[in-house]
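Student: Structure, please.
(2 chains)
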Amino acid sequence: MLDKELRSMIGDVKDGRMDRRAFIQRLAAVGLTAPLANQILALGGVAMAQSPNPYPPAKRGGGGPLKLLWWQGPTLLNPHFATGTKDQDGSRLFYEPLASWDADGNLNPILAAEIPSIANGGLAADAKSVTWKIKPGVKWHDGKPLTADDFVFTWQYASDAATAAVSISTYGEITVEKVSDLSIRILFKTPTPFWANAFVGAYGCVLPKHVFADYKGSKSREAPNNLSPVGTGPYKFVEFKPGDLIRGELNPDYHMPNRPYFDTIEMKGGGDAVSAARAVIQTGEFDFAWNMQVEDDVLLRLEKGGKGKTVYAVGGDIEFIAINFTDPNTEVDGERSSMKTKHPILSDPNVRKALALLVDRESVKKAIYGRAGRTTANYLNGPEKFVSKNTSWEFSVEKASKMLDDAGWKAGTDGIREKDGKKLKLLYQTSTNGPRQKTQAIVKQACQKAGIDVELKSVVASVFFSSDVANPDTFPKFYADIEMFQIPMTQPDPALHMRRYISANVAAKENKWQGQNFPRYVNGEYDAAIAAAETETDPVKRAALYIKCNDLLWQDTVFIPVMHRLLVDACSNTVRPALSGWANRTDNIQDWYREA
Amino acid sequence: MSQFVLRRLLIAVPSLLAISLVLFIVLALAPGDPFSELATNPNVPPEVQAALRAKFGLDDPIYLRYLHWLNAMLHGDWGFSFVSRMNVDTLILQRLPTTLYVIGSAQILALLIAIPVGVYAATKPYSLFDQVANTLAFVGFSLPTFFTGILFILIFSVTLDWLPFVYTTDIKGTGIHWLLEVIRQAIMPVAVLGLFQAASMTRFVRSAMLDVIRLDYVTTARAKGIGQRRVIIKHVMRNAMIPVVTLIALQIPAVFGGAIVTEQIFRIPGIGSLLISSILSNDTPVVMAVTFVFACLVVLFNLIADVLYGWLDPRISLR
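Tutor: Next comes the predicted model:
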């Protein structure tokens, strides 16, 4: 039914009877996110809106310096080696992709002449290829023209395992061929509904063939230009000191009219988030500071009568408590939390549901995340079209107690519930971090009231998030009953975000705990839904499948979502950044300007 | 003399080797993974991580890695940063001038305060000046630099808005304007470090002076009718400075350590902040190189102290 309605709506948009915005809103109402809605329109033959960022300046340059403060400074400037977002942000000042995501999840063309759609012949009907047209007349910073050869080279470079590029999964499974000097075709092995991955966003930055041709594969690390980029971006490279400073100057040959606004750009690194906020909001020494992982109280205090403010961007980053389905205390074949065991307490769905009732998300939001968080029942929180409307959450110690009573967990003499001689005691681990430890305390308090004994543990982030096989405290090993951290959603499509939890991905000794399914969740229905979604070309059915996956995670209480976290930055009162929760901070840097 | 220096240098070799071995083992055994950021990124398949580990030799046994490192070091190759993918020596050289400038200025400031105040306080022990100087000195070295640093920022940057608190390495402008800016931005970090150093040094100068000022030869000098000024400067200070010089030389490595915190607070791109960011990102080759540089500094300044000692006090012969 929905399917039919959707097709008629797409028809309406095509004929101009309905505007895009209304269409997106309607889809949002049925639980589809904006980027997906736009891709639906593209598949349905409606071209995506072009460059939606408002940009009033009428001439290039004249804006003086733009001073950015990244409290972790970029350490390298090759986008295909960029391990963290800081490096991607730094590289993106100079290199550009075909398109980037804007705040609504639209594709904003950068080096592309237009966004591929069925109508313009860019998208194949079988979803097995996409053809991009490259904007004519784009020049590299050294004056050479940008051509399809550069894109083909970038694909070869990144997909070569010997290069050890971090973008290999984006490029490894595809083939890129040159159609003409200004057009490339990306071929997929299987129908790929989410085609806007290669050459889009942070890992989409194209490298100049004439500069990197000799440094492909194992020689990649010797390339002198890893530290002195030659790109097509709005700013030309001037100077780079790893971890400290990047400087760039206006590119007079930039391919977009009137852009960029600023004459020079500098990105300073180092220090900590609070003092970065201070340098932007209180003293105005800098124009923009990235990633304000600071308590909202502190930011509110700084903002009083300051020279700047905090700005927020909504993406899909989710802070959650994950439940261990295996037993962390029994060792089987030299492995704890082995798939051959079952968790003695948490395998009881009633206990998991009761735990979910004991997480007071509203208080966590009020006391800790403030404006930077939204409460949610879902693991998948964006883009809008993928967000389930079928779920709900509540906080109730009474209901949780009753649920545990009914399930046979009776309070013992010490007030802690037990059943069949098993005490309701849980080890709750997270990475050492102020907000996380405060959340732990809030949850522990509620659990105590309901007769659950919770032991708290925090592990230094550099250990918790490491892939060190020898260390027992990493999150994939999960030698605890429940654990809490955040998984960022790096693109406005749930494919990668959701496929982590299929049973083939279980983290175990045999894959050196590199499997991404750390709760060790196994559900045939979930596996089937993911498999179906990955080849489903009908965007509506596909969205419905991902919503189903989210609902399965919710029904089975695999995760207890704590907070849907927004991106928080500090920005001067006069600078107008173009930010998106679906992109890196600097992904639309060409559209930044200063209001007089 | 030259024989002594040569012998000391030769002795330094095994101790540096031992230091490097200990550092290397500790770092190799420390938890953490330079590619940890990749682990939570769903875009990066585990194979890439494994390939990177293999590429940088992280899967070899420790002794092999140490021998590789040592061999490279002997050939002047300081290693290769995992995180920046560039040579470690370039990274360190890029940052050394800033550190030397800040630490050097702080040390000079400390001497300019400590010597006059210490000497004057010692000539009038238990006077009002001495009491005040003593109290301030106690306050000075009880307050850690991370506290005074933030206090300075709050007062001079946030409230009064006089000084910038983010240090920039390349200030635009030329001539006098450039010079003024360079000085202006260094005022706070240099003051924080310098005052901390000055506090303990003042106490030391004072007690060294007091030790000497009571000796008989000083009384003799006074009895000969030499003026107070000349007695203090030519007779007392020369001798009192012997232990002070040793102390300063031996303290230099500690100053580098103290600068780590100050560099972090003021975002000074020196080797201290390089060390911190490298530790945070588990960039072992850089951590190894920076700590090794610190170790070399300790050995070097010990040697300098010994040589200076002999030069200042001819009674001590160096053989």
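Student: Show me what whatever helix or strand B:G272 lives in is packed up against.
Tutor: Using DSSP states H and E, B:G272 maps to helix B:271-280. When contacts are defined as 3 or more C-beta pairs under 8 Å, 6 or more residues apart in numbering or on different chains; DSSP states H and E, helix B:271-280 packs onto helix B:88-123, helix B:238-266, helix B:284-312. In short, each C-beta sits where N, CA and C put it, glycine included.
Student: For A:E418, find the nearest of these.
Tutor: Closest approach to A:E418 among the helices and strands packed on helix B:271-280 is made by helix B:284-312 (46.9 Å; C-beta to C-beta).
Student: anything in the closest one near chain A?
Tutor: No - figure legend: helix B:284-312 not in contact with chain A (C-beta under 8 Å from any C-beta of the partner chain); closest approach 9.5 Å.
Student: what are the ranges of the strands in the stretch 151-300 of chain A?
Tutor: If DSSP state E, counting those that start in this stretch is used as the criterion, the strands of the stretch 151-300 of chain A fall at A:174-180, A:183-188, A:235-241, A:245-250, A:264-269, A:288-289.
Student: so what secondary structure elements neighbour the shortest one?
Tutor: Right, strand A:288-289. Partner elements for strand A:288-289 (3+ C-beta pairs under 8 Å, 6+ apart): strand A:65-70, helix A:273-277, strand A:559-572.
Student: Need the residues that contact it.
Tutor: A:66-71, A:273, A:276-277, A:279-280, A:569-572, A:575, A:577 (C-beta atoms under 8 Å, 6 or more residues apart in numbering or on different chains).
Student: again, only using 10 Å
Tutor: Contacts with strand A:288-289, where a contact means C-beta atoms under 10 Å, 6 or more residues apart in numbering or on different chains, come from A:66-71, A:267-268, A:271, A:273, A:275-281, A:308, A:310-311, A:568-572, A:575, A:577, A:579, A:585-586, A:592.
Student: and of the helices and strands packed on strand A:288-289, who's closest to B:L29?
Tutor: Using C-beta to C-beta, the nearest of those to B:L29 is helix A:273-277, at 30.4 Å.
Student: Now do the buried residues in the closest one.
Tutor: For helix A:273-277, a neighbour-count test (16 or more other C-beta atoms under 10 Å in any protein chain shown) marks A:A273, A:V274, A:S275, A:A276, A:A277 as buried.
Student: swap in stretch A:305-315?
Tutor: Within stretch A:305-315, the residues scored as buried using 16+ other C-beta under 10 Å are A:G306, A:K307, A:G308, A:T310, A:V311, A:A313, A:V314, A:G315.
Student: any residue of the helix or strand harbouring the fourth one up close to chain B?
Tutor: Meaning A:T310. Using DSSP H and E, A:T310 maps to strand A:308-323. No - using C-beta under 10 Å from any C-beta of the partner chain, strand A:308-323 never reaches chain B; the gap is at least 10.9 Å.
Student: Just checking: what are the partner strands of that strand?
Tutor: Sheet pairing for strand A:308-323, assigned by DSSP bridges, gives strand A:482-487 (antiparallel), strand A:559-572 (antiparallel).
Student: mind giving me TSV with those strands and columns for mean neighbour count?
Tutor: Listed next are the strands paired with strand A:308-323 as TSV, based on neighbours: other C-beta atoms under 10 Å in any protein chain shown:
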stretch	mean neighbour count
strand A:482-487	22
strand A:559-572	24
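Student: May I see these arranged in CSV, with distance to A:E362 and mean pLDDT as well?
Tutor: What follows is the strands paired with strand A:308-323, written out as CSV (distance: least, C-beta to C-beta, whole Å; pLDDT from 0 to 100):
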stretch, distance to A:E362, mean pLDDT
strand A:482-487, 17, 93
strand A:559-572, 11, 93
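Student: give me every residue that touches A:V311.
Tutor: A:F288, A:M292, A:L566, A:L567, A:V568, A:D569, A:A570, A:C571, A:V575, A:R576, A:P577, A:L579.
Student: Next one: the closest residue to chain A within the stretch 151-300 of chain B, what pLDDT does it get?
Tutor: Taking C-beta to the nearest C-beta as the measure, the stretch 151-300 of chain B has B:P269 as its residue closest to chain A, at 3.6 Å. Note on B:P269: pLDDT of 86.
Student: same thing with A:S8?
Tutor: 65.
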